[in-house]
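Engineer: turn this into a structure:
(one chain, ligands or ions: 1)
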Amino acid sequence: MRGKMERFQWGIIGAGPAGIAAIGKLIDQGVDAGSIAWVDPDFQVGDLGQKWRAVSSNTSVKLFLDYLNICPAFNFAKAPHFRLKDLDPEKTCLLQEIADPLIWVTGQLREKVRSFEGEVSLLEMENREWILKTDKEVLAAKNVILATGAEQRKLEYPNLKEISLEKALVAEKLPDVSEETVAVFGSSHSAMIVIKNLLEYPAKKVINFHRSPLKFAVFFEDWVLFDNTGLKGETAEWVRKHIHGKYPEHLNRVLASDPEFSTLLSQCQSVVYAVGFERRVPPKAYQIGHLTYNESNGIVAPGLFGLGIGFPQKVEDRFGNVEYSVGLWKFMVYLDAVLPLWMRYAI
Ligand SMILES: Cc1cc2nc3c(=O)[nH]c(=O)nc-3n(C[C@H](O)[C@H](O)[C@H](O)COP(=O)(O)OP(=O)(O)OC[C@H]3O[C@@H](n4cnc5c(N)ncnc54)[C@H](O)[C@@H]3O)c2cc1C
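Structural biologist: Residues are numbered from 1 along each chain as shown. So this is what the prediction gives:
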């Protein structure tokens, strides 16, 4: 039996950077904060705040400050002093530098909206409302934004011990691999940080299996080539020196299509998968299938929208290169474009 159900205009699921941006922009658009329900198990800035704090960012300090300053609803002008403000705006930084101010912003927003600690396990449509069920609450909302993030994608090599990306991205969290050959799959920003950590830690040997040449972001006045897939900042510098320069002694890089693939893989004892992410969705959303979304505007269904790393916008640059756009500042720019549409596409 269902207890008393609270009703809202908007339900935001997830309190990572995307959920925070959505709340800020809705309030700035004049939506009554009291009519917004915000659900997250922890309210600790999602994966960025809980898993990636010690990871080097791939965007500049300036873009993090732009994100914090763009929404009057964040009240960031009144924030206490954060170290982020002292850093070189053009440089990258550890993600903890943005996670700390975001914790503060989360607190500000929670004072304005109704927040619920819990995980939405069921999402269904009933009488022109979306019903959101957690283990404690049943909420109804006219519109819902899924800002639920994404899980690390994995490959199936059951004979190898897996080191999670979360551990591999932070050298101090790595297990002892001094006697092991470690396979690293992928050639993204994350894969390169993992390789650097493993070599410095050090692992006995690292074999990087990849499918394509590395990409570097190229900065122009008003746009960036390979903005979402290219290496940037300190990681790009390290890669230029060590991967495109002289290979470190204990590193081998091979194409996953290499005829020697199986032989080389059989030399490995552990593996790190840095091959992308898959969106997280509430487990019971039977009416909506796999929660696929329109990649241009985030619409999942009437009154149901996706935002953030789990529902990235597909973008095309001026040379026709297509990428999925992910990043804190990009969530803000995207919201400016799609919110007017989302606000007219109720259930
Ligand atoms: C290693 C790494 C480094 C990155 N570096 C940068 C960078 O330097 N700069 C940049 O701009 N971007 C960066 N990104 C990209 C992106 O900005 C981050 O991934 C960001 O954390 C995505 O935010 P999000 O809100 O979409 O997801 P998340 O941060 O994962 O937040 C999702 C939240 O939703 C909650 N949730 C999930 N399911 C439910 C449910 N059913 N009910 C209730 N709550 C739920 C989760 O618990 C979590 O709190 C990086 C990404 C990765 C993986």
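Engineer: what does this protein put close to the ligand?
Structural biologist: Contact residues (C-beta under 6 Å from any ligand atom) of the chain with the ligand: 13-19, 39-41, 46-48, 52, 55, 57-59, 95, 119-120, 147-149, 169, 190, 280, 282, 308-310, 326-328. Using the backbone N, CA and C atoms, a C-beta is placed for each residue, glycine as well.
Engineer: of those, buried ones?
Structural biologist: Applying 16 or more other C-beta atoms under 10 Å to the residues of the chain next to the ligand, the neighbour count classes 13-19, 39-40, 46-48, 52, 55, 57-59, 95, 119-120, 147-149, 169, 190, 280, 282, 308-310, 326-328 as buried.
Engineer: still on that earlier bit, the residues of the chain next to the ligand in helices, which ones?
Structural biologist: Under the assignment DSSP state H, the residues of the chain next to the ligand contribute 17-19, 46-48, 190, 328 to helices.
Engineer: so which residues of the chain form helices?
Structural biologist: Using DSSP H, helices in the chain cover 17-28, 46-50, 61-70, 96-112, 165-168, 189-200, 233-242, 261-266, 328-342.
Engineer: in CSV, list these along with mean pLDDT.
Structural biologist: Shown next, in CSV, are the helices of the chain (pLDDT from 0 to 100):
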stretch, mean pLDDT
helix 17-28, 98
helix 46-50, 97
helix 61-70, 98
helix 96-112, 98
helix 165-168, 94
helix 189-200, 95
helix 233-242, 91
helix 261-266, 96
helix 328-342, 97
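Engineer: can you pick out the most distant pair from the ones in helices among the residues of the chain next to the ligand?
Structural biologist: 19 and 190 (21.9 Å; C-beta to C-beta).
Engineer: could you chop the protein up by domain?
Structural biologist: For the chain, automatic domain parsing gives the domain ranges 6-151+277-342, 154-273.
Engineer: and the last one, how far out from the chain middle?
Structural biologist: Here domain 154-273 is found 19 Å from its chain centre; the criterion is C-alpha atoms, centre = their mean, to the nearest Å.
Engineer: with the first one instead?
Structural biologist: From the chain centre to the centre of domain 6-151+277-342 is a distance of 10 Å (C-alpha atoms, centre = their mean).
Engineer: what does stretch 340-347 give?
Structural biologist: Distance of stretch 340-347 from its chain centroid, counting by C-alpha atoms, centre = their mean, is 24 Å.
Engineer: mind listing what's buried in it?
Structural biologist: Here stretch 340-347 shows 342, 345, 347 as buried, counting by 16+ other C-beta under 10 Å.
Engineer: let's have these in TSV, adding distance to residue 178.
Structural biologist: Output for the buried residues of stretch 340-347, formatted as TSV (distance: C-beta to C-beta, whole Å):
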residue	distance to residue 178
342	51
345	55
347	56
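Engineer: which one of these sits closest to residue 108?
Structural biologist: The closest of those, once distances to residue 108 are taken by C-beta to C-beta, is residue 342, at 22.9 Å.
Engineer: which pLDDT value belongs to residue 172?
Structural biologist: pLDDT recorded at residue 172 is 89.
Engineer: repeat that for residue 3.
Structural biologist: Each residue has a pLDDT score; the one for residue 3 is 60.
Engineer: quick check: residue 178 touching residue 198?
Structural biologist: No - Residue 178 is not in contact with residue 198 according to C-beta atoms under 8 Å; the separation is 10.5 Å.
Engineer: more neighbours, these two?
Structural biologist: Shown here are residue 178 and residue 198; by other C-beta atoms under 10 Å, residue 198 has more neighbours (26 against 9).
Engineer: do I have it right that that one meets residue 184?
Structural biologist: Yes - with contact defined as C-beta under 8 Å, residue 198 counts as touching residue 184 (7.0 Å).
Engineer: name the residues contacting each of these two.
Structural biologist: Common neighbours of residue 198 and residue 184 are listed as 168, 206, 272 (criterion: C-beta atoms under 8 Å, 6 or more residues apart in numbering).
Engineer: partner residues bridging the last one?
Structural biologist: In this case it means residue 272. With DSSP bridges as the criterion, residue 272 is bridged to residue 184.
Engineer: much appreciated, bye for now.
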